[in-house]
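> Structure of the sequence below:
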Amino acid sequence: MSRPDSCFPSPEEGLSFHLRLCNSDPTAPAEFFKAYLVPLGQWLAVAFPTVDEHLRGSAVHDPLIKYVLCPQAYDPRRMDLGAYLRMAARSDLLNLLRDENRHHQKRVPWSVVELGEEGGNLFRREEEPSLQLERAEEEEQRQAFLQSVREGLTEQENQVLDLMLAGVRETGAYACVLGITHLPPAEQAQEVKRVKDRIRKRLERGGGQNG
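I've put the predicted structure just below:
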């Protein structure tokens, strides 16, 4: 089912992107940017409409690039990828505006004044009941999705999924979990890839079916 370009990917899609990027999928970066660039830019424009669009552009692109370069910095067990990127973009924008304000202390634009108030209310806004409910619903969806995937996996495969979620790349870590450290390195790598590919297929299908 297609998704409008202005909408953030679902938590399930975000988790799939994360696992693909952590495992160096060559097509993942371009697809990730296509999926998140427009909705993140539109969200920032709505949240901070008086801020210069060039600053907003930097605050959109920088977090996306940083994440692609180091996806392991994000912990999918804590929040949805979209929420993580929104938090990073907002933080980057506040930092950019603080830098801008230091260089233009004699001229304080309305955007900075308003954002100062916005920044002061940042954490209070995060605690608004509607935002709490939204985060709770996203977390519930993510946990339900993961549970549906885990139900079709063996105990060892679930441990492999935990390593994938944590961004672990070392074949040796997966070999230990699978109990295949006695095999030659090439065979270890082949078996680890087979198991990870099976898990990815279940993630892409959204669980539910054995494969």
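> ok, and the closest non-adjacent residue to residue 39?
Residue nearest to residue 39 in three dimensions, not counting chain neighbours: residue 8, with 4.6 Å by C-beta to C-beta, 6 or more residues apart in numbering. (Each C-beta comes from the backbone N, C-alpha and C, glycine too.)
> whoops, I mixed them up, residue 44
Of all residues not flanking residue 44 in the chain, residue 56 sits nearest, at 5.1 Å (C-beta to C-beta, 6+ apart).
> so where's the protein uncertain?
Applying pLDDT under 70 to the chain flags the ranges 1-6, 100-139, 166-167, 205-211.
> in it, which spans are strands?
Along the chain, no stretch is classed among the strands by DSSP state E.
> wait, residue 47 sits on residue 60?
No - assessed by C-beta atoms under 8 Å, residue 47 is found out of contact with residue 60, at 11.4 Å.
> which one of those two has more residues nearby?
Neighbours per residue, other C-beta atoms under 10 Å: of residue 47 and residue 60, the larger number sits with residue 60, 25 against 15.
> residues in contact with residue 175?
Residues near residue 175 by C-beta atoms under 8 Å, 6 or more residues apart in numbering: 181, 183, 188, 191-192.
> rerun at 6 Å
181, 188 (C-beta atoms under 6 Å, 6 or more residues apart in numbering).
> Give me the most central residue, the protein.
The chain has residue 81 as the residue nearest its centroid, 2.5 Å off, counting by C-alpha atoms, centre = their mean.
> That one: what's it in contact with?
Contacts for residue 81 (C-beta under 6 Å, 6+ apart) come out as 14, 18.
> how far away is the residue nearest to residue 39 from residue 82?
4 Å (C-beta to C-beta, to the nearest Å).
> swap in residue 160?
In terms of C-beta to C-beta, residue 160 sits 25 Å off from residue 82.
> With residue 141 instead?
Here the criterion is C-beta to C-beta. By it, residue 141 lies 12 Å from residue 82.
> can you check residue 99 too?
26 Å.
> likewise residue 91?
On the measure of C-beta to C-beta, residue 91 and residue 82 end up 15 Å apart.
> And those two? Which one has more around it.
residue 82 (21 against 14).
> residues contacting that one?
When contacts are counted by C-beta under 6 Å, 6+ apart, residue 82 is found next to 8, 14.
> what's the closest non-adjacent residue to residue 191?
Leaving aside its chain neighbours, residue 191 sits nearest to residue 180 (5.5 Å; criterion: C-beta to C-beta, 6+ apart).
> Could you measure from residue 194 over to residue 148?
Distance of residue 194 to residue 148, given as C-beta to C-beta: 22 Å.
> Neighbour count for these two, which is higher?
More crowded of residue 194 and residue 148, by other C-beta under 10 Å: residue 148, with 16 against 10.
> Tell me the buried residues in stretch 77-95?
79-86, 88-90, 92-94 (16 or more other C-beta atoms under 10 Å).
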